[in-house]
Every structure is written in C-alpha cells, then in structure tokens.
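In: Turn this into a model:
(2 chains)
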Amino acid sequence: DAGVTQSPTHLIKTRGQQVTLRCSPKSGHDTVSWYQQALGQGPQFIFQYYEEEERQRGNFPDRFSGHQFPNYSSELNVNALLLGDSALYLCASSLISEQYFGPGTRLTVT
Amino acid sequence: GDSVTQMEGPVTLSEEAFLTINCTYTATGYPSLFWYVQYPGEGLQLLLKATKADDKGSNKGFEATYRKETTSFHLEKGSVQVSDSAVYFCALSDRGAAGNKLTFGGGTRVLVKP
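Out: Numbers count the residues shown, from 1 in each chain, chains lettered A, B, ... in the order given. Got it, this is the predicted structure:
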C-alpha cells in the first residue's frame, strides 16, 4: 500500500515565477491538506481539500491556490514567488482524523 | 486562535537517559492532541495521539497523557536510543471545526549520543 507521494522532490525557481506541486494521497483517503515548513520551524497549515472543494484555509495570501481532482490527488500552486516562499511543502492525506504525511517538496526561490 | 507551545531545543542526551519534552496548548474547542516525529530529510510520522482528557497515547516506548486541567501533553521516554535522534512536534486538531487541520508547535530537536 503506497503512502502519500509528492512530486517533485526538489525544485529551484526564480523570484516572480510560478510553481505547481503535486500530491497523491494514501489509498482510500479522500482529504488532502497542504503545509509549509520553513527551515527550523513547525509546519504551517495552508489549506485543505475535500470533495474537490477548499474546506479550510490558513493565513496565506491568494498567491497560494490549490485544486483537488476526482481521484483525490491534489496540486498546490504558488504565483509570483517570493524569497520567503522557500520552504519544505508537505502534503498530508486523511480519511477521518489521522493525517499521514508525504516526504515533502523542497522549494528554493532565488 | 489555537496555538501550541513546546520547549525549545536542542535537547542533548546520553543513550538510556530519560527524555521529557514539554508541550502546552491553547484551543477554543476540545482538541485531539498528537506528537509527530521528523527524521533528517524526511516528512512527518505520527508517533502517538490522544483524543480526550486523561487518555494516554503510547508508541515505541514513548508516552504522553492528555491533561485538560493543565492544557498539556508532555512527551516522555524512559530510555532513549541513538535512533531516537530527530525533531519532535506537538500538534492539535480542533475536532469541532469542519475539517481537521493541524496546528503545530515549533518543534524540539533531540540529539542522543552513544
């Protein structure tokens, strides 16, 4: 049983560019959440998708947007990248309560 | 809003020493509480959880008890190993809200020396 998978593993982008990160949830899970983890800090909640709709959103600007597909996989899009967007982006999937995390995508903005 | 505060690290211990990591929380609702562990270069793994007052979560020798009166969920292990070196995160989820977003503390790095 495959766990949560994310792609790509690493990404380097230039300030002002746009980026798309992808997540496939654990088999049987219908809810996907995205978190941003800056170096040396705890993860911060970005948003959560359920039934292809954004169900909850954290304190992130509109530059951060997402999508969930009918197969429950999800994308995180970030527009107009800033240096401060450099972080590890974690995807987590769940069915009812417990969230299972993927290995993350390391985004570096130069 | 909800928040989690945990002791800052790094915490450096010798093998077989006793480990305690303090965690306190503030929540408007009645949260579920979690400890996650992050090994170098990896994502987060759920270590243990508790969903109601006085519940004790346990896994791999680690334990934590949900203390509603002191709003705490301290992590303990009686005898640590080198392989326990990692960053530990305390987190809560407000079960009353639609959705189950996690609110994390800042993390505590633990280094166990042989």
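In: what does chain A put close to chain B?
Out: Chain A has residues A:4, A:31, A:33, A:35, A:40-45, A:48, A:50, A:55-56, A:58, A:90, A:92, A:94, A:96-104 near chain B, with proximity defined as Cβ under 8 Å from any Cβ of the partner chain. Heads up, the C-betas are built off the backbone N, CA and C, glycines and all.
In: How many neighbouring residues does residue A:66 have?
Out: The local packing of residue A:66 (other Cβ atoms under 10 Å in any protein chain shown) involves 21 other residues.
In: What sits closest to it if chain neighbours are left out?
Out: Spatial nearest neighbour of residue A:66, chain neighbours left out: residue A:76 (5.2 Å); criterion: Cβ to Cβ, 6 or more residues apart in numbering or on different chains.
In: That neighbour sits in which helix or strand?
Out: In this assignment (DSSP states H and E), residue A:76 forms part of strand A:74-78.
In: downstream neighbour of that strand in the secondary structure list?
Out: strand A:87-94.
In: Show me how far that following strand is from its chain's centre.
Out: With Cα atoms, centre = their mean, to the nearest Å as the basis, strand A:87-94 stands 5 Å off its chain's centre.
In: Now do the following helix or strand past that strand, average pLDDT.
Out: Per DSSP H and E, the first helix or strand lying C-terminal to strand A:87-94 is strand A:100-101. For strand A:100-101, mean pLDDT rounds to 93.
In: Describe which strands strand A:100-101 pairs with in its sheet and in which direction.
Out: strand A:87-94 (antiparallel) (DSSP bridges).
In: Would you mind confirming that residue A:67 is in contact with residue A:75?
Out: Yes: applying Cβ atoms under 8 Å as the test, residue A:67 and residue A:75 come out as touching, 4.9 Å apart.
In: just to revisit the earlier point, can you tell me the average pLDDT over the strand holding residue A:76?
Out: Averaged across strand A:74-78, the pLDDT comes to 98.
In: Can you list the strands that that strand pairs with?
Out: Sheet pairing for strand A:74-78, using DSSP bridges, gives strand A:19-24 (antiparallel), strand A:64-68 (antiparallel).
In: So what touches that strand?
Out: A:18-23, A:25, A:32, A:34, A:46, A:49, A:63-69, A:85, A:89, A:91, A:107 (Cβ atoms under 8 Å, 6 or more residues apart in numbering or on different chains).
In: Look at the residue nearest to residue A:102 when sequence neighbours are not counted and report its pLDDT.
Out: Leaving aside its chain neighbours, residue A:102 sits nearest to residue A:4 (3.6 Å; criterion: Cβ to Cβ, 6+ apart). Per-residue pLDDT puts residue A:4 at 95.
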